[in-house]
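Novice: Kindly return the folded structure for what I paste below:
(one chain, ligands or ions: 1)
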Amino acid sequence: MTQPTIESILQEKRLFHPPAEFSQAAQIRSLEEYQNLYDQAKANPEQFWAELAEQELHWFQKWDTVLDWQPPFAQWFVGGKLNISYNCLDRHLTTWRKNKAALIWEGEPGDSRTLTYAQLHREVCQFANALKQLGVKTGDRVAIYMPMIPEAAIAMLACARIGAAHTVVFGGFSAEALKDRLVDAEVKVVVTADGGWRKDVVVPLKAQVDKALANGGAPNVRHVLVVRRTAQEVEMEQDRDRWWHELQQEVSVDCPAEPMDSEAMLFILYTSGTTGKPKGVVHTTGGYNLFTHITTKWIFDLKDTDVYWCTADVGWITGHSYIVYGPLSNGATTVMYEGAPRPSNPGCFWDVIEKYGVNVFYTAPTAIRAFIKMGEEIPKARNLSSLRLLGTVGEPINPEAWMWYHRVIGGERCPIVDTWWQTETGGIMISALPGAIPTKPGSATLPFPGIMAQVVDLEGSPVAANAGGYLSIQHPWPGMMRTVYGDPERFRKSYWEHIPPRDGRYVYFAGDGARCDQDGYFWVMGRIDDVINVAGHRLGTMEIESALVSHPAVAEAAVVGKPDEVKGQEVVAFVTLEGTHSASEDLKKELKQHVGQEIGAIARPGEIRFADALPKTRSGKIMRRLLRTLASGEAVSGDTSTLEDLGVLETLRKEG
Ligand code: WT7
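Specialist: You can find the predicted model right below:
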């Protein structure tokens, strides 16, 4: 349902102009102004980014070289020194913003807390000193496995402050998934909490960390710093584990930000790819700081009086760039919410908007579709008149959901920015600038100034207007990932070789299918690789398959996505069993749970189908296209003559 079709795109004629009052007060006020910026940036990207870097950020030392491009490896603002935590905190303290709310936190169940810039700065300094006391040095890696509480952001900024790279692991990931990341990133200290609230239950985060570390699971980890949140009993291992509130009493509030090289690693964030285990996407300091800063400023059109709320979790890139770094670098008030919409509290998002007078709201299509199902009476019973701008991210938004968002949440007055980007891009690449670019429901519209996006074929040639192709980026940009942690070859292979470089010209391959219409508007169709998108979460089918075959009953597994009305896609697993095991409802349950344990609840298959064999081509490749068709319940058509065993099809179909 969410994967747009060519027909739906070609038929979409609705165009929404920015309201005049919005444009007049906007950062970028007209299509013309956008065009000028875009053209300037295209003509001289380095000058464009350098001017912004100079204007928008504080540097301890200016760079010598704007861009050093040794394809596919880029370095931005080489020789420059800065600290993103300084740009997010210290520089606001000498202005009126010192006592402005930096972070408004709405917790579960009913907790809340507001930190001004001065208070946030103080806590970050203490946290940074605590990390130092635990032996963390510049260049070390620190994992953050936390609920959505202020300390998650504080820990990130504290790492940045002392030049340690963080790797935030989403609190919904299992102990097993956590361990893989701790090992891959060679993590020295883990920051966690006793527990966190997720949909009315307490998640035992510290216990998961203990499990990940058991039996020398992650040998580099020396200490675990535990924040008290839910106050349940946890085991503390002497010498290894420390309570944050205890350490906080011992450390000073003074911790100057370390001047970091522009290219110093800021963080690693793991994301799923087509093959193998998740990749550690590496982002560095200067380019990322600039790119998240300026995209936040122009796309969310932030005013100093705005309350801004992005509903993502800090465990994902959206939380990194658009809850923490982008908004704080701009001196904005950013809302952080621990809860999630659920049957017991279907109006929770609208309550938060009403309570804090949120002006700019950024969420995902899957959430919007869930709200549509709950009925418009729920948001209509709240006062949402503070809203002036809406955003969406994570997957293509179907026009019906866009129109509902526009009408019911935006009261037909708020522009919608549909923002296309990825963990790898660091920040938003294609989006409307809300005061300048008219929107079309379902299109992310136009590339950000300085982003040379193009739909191409596999030779790298641009395709005609409205023709399908691959989304590519033709020139490096400051927020781009620098490498896969510990595996530069994988970086090259995953992103720079699908489209073969021509004449030494490398282009970035995003892994998304897209079209560009006659007006230059981009319509992103979705992943073209074996990555599926479940409720805005990116999952590698291979990872789920590996999780399944690690269960003793499973011989072979193939995982595909099936369209789902709310989540966009749902995981469907086709499984063959080892000789002695037989298919049963209990085994289905057990396998779902097993995937939950190996990866996390987000990866649990919605459906498991047992089969005698999987359909394969004569060369032994699993026919995924066929499985996708079967999973979605459609009739299998087209050529199946390469099927190794046509009888297989019958059993697979019956199982469903
Ligand atoms: C993939 C990246 C960075 C945002 C959170 C997801 C899909 C993201 C859109 C959009 C169509 C979108 C793409 C992309 N995607 N935003 N506005 N329209 N598709 O980050 O986990 O790295 O996933 O999400 O398929 O490749 P991610």
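Novice: show me the contacts for the spatially most central residue of the chain.
Specialist: Residue closest to the mean C-alpha point of the chain, counted by CA atoms, centre = their mean, is I317 at 3.4 Å. For I317, the contacting residues are L269, T271, V281, Q422, T423, G426, by CB atoms under 8 Å, 6 or more residues apart in numbering. Any C-beta I mention is one placed from the backbone N, CA and C, and that applies to glycine too.
Novice: Kindly provide the distance from the second one to the ligand.
Specialist: Taking CB to the nearest ligand atom, to the nearest Å as the measure, T271 and the ligand are separated by 5 Å.
Novice: And for the last one?
Specialist: G426 sits 9 Å away from the ligand when distances are taken as CB to the nearest ligand atom.
Novice: and that residue, what does it touch?
Specialist: H283, G287, Y288, F291, T292, I317, S321, P478, G479, M480, M481.
Novice: To which secondary structure element type does K206 belong?
Specialist: helix (DSSP: H, G, I helix; E, B strand; the rest coil).
Novice: Can you give me every residue that contacts the nearest residue to it once chain neighbours are set aside?
Specialist: Once flanking residues are discounted, K206 sits nearest to V234: 4.3 Å by CB to CB, 6 or more residues apart in numbering. With contact set as CB under 8 Å, 6+ apart, V234 has these partners: D194, G195, P204, K206, A207, V226.
Novice: Recalculate using a threshold of 10 Å.
Specialist: By CB atoms under 10 Å, 6 or more residues apart in numbering, the residues touching V234 are 192-195, 204-207, 209-210, 226, 228, 241, 243.
Novice: tell me the mean pLDDT for the longest helix anywhere in the chain?
Specialist: In the chain, taking DSSP state H as the definition, the longest helix is helix 117-133. Average pLDDT, helix 117-133: 98.
Novice: Put the alpha carbons of it into CSV.
Specialist: C-alpha atoms of helix 117-133 as CSV (Å, rounded to 0.1, in the frame of the first residue of the first chain):
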residue,chain,number,x,y,z
TYR,A,117,20.9,25.6,28.0
ALA,A,118,22.8,26.4,31.1
GLN,A,119,21.5,23.3,32.9
LEU,A,120,22.1,21.1,30.0
HIS,A,121,25.6,22.4,29.7
ARG,A,122,26.3,21.7,33.3
GLU,A,123,25.0,18.1,33.2
VAL,A,124,26.9,17.4,30.0
CYS,A,125,30.1,18.7,31.6
GLN,A,126,29.5,16.5,34.6
PHE,A,127,28.7,13.5,32.5
ALA,A,128,31.9,14.1,30.4
ASN,A,129,33.9,14.2,33.6
ALA,A,130,32.3,11.0,34.8
LEU,A,131,33.3,9.3,31.5
LYS,A,132,36.8,10.6,31.9
GLN,A,133,36.9,9.2,35.4
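Novice: centre of the chain versus that helix, how much separation?
Specialist: Centroid separation between helix 117-133 and its chain, computed with CA atoms, centre = their mean, to the nearest Å, is 26 Å.
Novice: by contact count, what packs against it?
Specialist: When contacts are defined as 3 or more CB pairs under 10 Å, 6 or more residues apart in numbering; DSSP states H and E, helix 117-133 packs onto helix 84-85, helix 91-93, strand 101-106, strand 112-116, helix 150-162, strand 189-193, strand 223-227, helix 244-250.
Novice: Please name the strands paired to the helix or strand following it in the sheet, noting orientation.
Specialist: Downstream of helix 117-133, the next assigned helix or strand under DSSP states H and E is strand 141-145. Using DSSP bridges, strand 141-145 pairs in its sheet with strand 165-168 (parallel), strand 189-193 (parallel).
Novice: okay, the angle between the longest one and strand 223-227?
Specialist: An angle of 20 degrees separates the directions of strand 189-193 and strand 223-227 when computed by axes from the mean of the first three to the mean of the last three CA atoms, to 10 degrees.
Novice: quick check, F22 in a helix?
Specialist: Yes. Counting by three-state DSSP, F22 is part of a helix.
Novice: hang on, isn't it packed against V417?
Specialist: No. Using CB atoms under 10 Å, F22 makes no contact with V417, being 11.8 Å away.
Novice: Quickly list what's touching both of these two.
Specialist: Taking CB under 10 Å, 6+ apart as the criterion, F22 and V417 both touch D301, L389, P434.
Novice: Residue ranges of each domain in the protein, please.
Specialist: 64-99+107-280+310-339, 531-655 (the TED database).
Novice: ranking those domains by burial, who's on top?
Specialist: domain 64-99+107-280+310-339 (a mean of 21; mean count of other CB atoms under 10 Å).
Novice: and that domain, how far apart are its ends?
Specialist: 45 Å (CA to CA, to the nearest Å).
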